[in-house]
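whatever this is, show me its structure:
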Amino acid sequence: MIRCLAVDDEAYATKIIADYIGKIPFLELVGTTTSAIEALTKVQQGDIDLVFLDIQMPDLTGIQFLKLCGSKCKVILTTAYPEYALDGYEHDVIDYLLKPIAFDRFLKAANKAHTQIMPVKTASDAIPSIPNQENPIVQNSSANDYMFIKGESKNKFLKVNYDDILYIEGLKNYVSLFTSGQRMVTYQTLRDLETQLPQPPFYRVHKSYIISVDKIRMVDGNQVYIGEQPIPIGETYRDGFLKMIREQE
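Next up, the predicted model:
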């Protein structure tokens with residue numbers, strides 16, 4: 001696990017970062033603080049791997065923090081001011097996130113951290129590696145035929161074999177993965193999940209549905225059947241989907 005600290009002089013901003021950290025299996029929230037000096041003390045104690053750090057703070061700026069902490073930890077800057085990007089990268093920050101921070105952008109930064117931090121951590125701190133760094137929640141690579149999704153409790157993760165998935169339904173910030181004998185629900189958007197699944201066999205056919213092409217029984221008009229389950233084909237996705245189907249003839 002990568003031990004994280006969220007630092008921002010605005011408490012609501014640390015809550016957003018803390019919430020994002022909680023959604024990512026290989027990140028562990030050690031704490032939040034609105035004081036850069038308190039954060040520096042924690043870092044110097046050696047228990048922090050990664051700091052999500054605001055730049056504009058009253059007692060100690062993010063740039064000053066970087067100079068003082070040296071190589072004690074890795075840093076991802078979070079700020080509303082793009083003009084500080086160059087200064088940040090000159091101090092070897094992992095990434096530079098502009099507020100308001102979208103979750104998918106946060107995921108990308110987290111995976112950069114995973115790439116840089118995990119190889120130097122001890123085996124006892126590590127979790128199963130995630131070869132495809134585009135995805136922090138779902139383990140996915142050409143070498144793997146499975147993924148992990150977050151379960152209903154804080155530290156619970158479920159392994160799902162790609163070949164077992166029939167289709168996936170999205171509802172706001174949740175997705176349901178349907179297999180032949182189970183429905184699994186996880187906190188994630190369908191859009192985020194779509195970018196992580198291997199294509200093929202997975203294909204989005206509707207704003208609310210992704211299907212496994214391997215599990216199609218029949219396509220009939222504006223519906224595709226996965227077993228006996230009809231799935232609507234959305235107008236936005238219809239042409240691309242039908243083209244893909246015809247290419248398989």
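
from here on, contacts and neighbour counts on C-alpha atoms
OK.

helices or strands next to the helix or strand hosting residue 230 in the packing?
According to DSSP states H and E, residue 230 maps onto strand 229-232. Where contact means 3 or more C-alpha pairs under 8 Å, 6 or more residues apart in numbering; DSSP states H and E, strand 229-232 is packed against strand 223-226.

the strand it packs on: partners in the sheet, and parallel or antiparallel?
If you go by DSSP bridges, strand 223-226 pairs up with strand 216-220 (antiparallel), strand 229-232 (antiparallel).

put the alpha carbons of it into CSV.
Below are the C-alpha coordinates for strand 223-226, written out as CSV (Å, rounded to 0.1, in the frame of the first residue of the first chain):
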residue,chain,number,x,y,z
GLN,A,223,-31.5,-4.9,-28.8
VAL,A,224,-28.7,-7.3,-28.1
TYR,A,225,-29.4,-10.4,-26.1
ILE,A,226,-27.0,-11.8,-23.5
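
buried set for that strand?
For strand 223-226, burial by neighbour count (16 or more other C-alpha atoms under 10 Å) applies to 223, 224, 225, 226.

do stretch 58-68 as well
62, 63, 65, 66.

skipping adjacent residues, who's closest to the first one in space?
Spatial nearest neighbour of residue 62, chain neighbours left out: residue 55 (3.9 Å); criterion: C-alpha to C-alpha, 6 or more residues apart in numbering.

ditto for residue 34
Distances taken as C-alpha to C-alpha, 6+ apart place residue 9 nearest to residue 34, at 4.1 Å, with adjacent residues excluded.

wait, isn't that neighbour in contact with residue 60?
No - counting by C-alpha atoms under 8 Å, residue 9 does not reach residue 60; the two are 10.1 Å apart.

list residues touching both of the two?
Shared contacts of residue 9 and residue 60 (C-alpha atoms under 8 Å, 6 or more residues apart in numbering): residue 36.

residue 21 sits in which helix or strand?
Using DSSP H and E, residue 21 maps to helix 11-22.

neighbouring contacts of the following helix or strand past that helix?
Heading C-terminal from helix 11-22, the first helix or strand you meet, by DSSP H and E, is strand 27-33. Strand 27-33 has contacts (C-alpha under 8 Å, 6+ apart) with 1-9, 11, 14-15, 18, 21-22, 39, 48.

so for strand 27-33, mean pLDDT?
Averaging pLDDT along strand 27-33 yields 94.

thanks again, I'm all set now.
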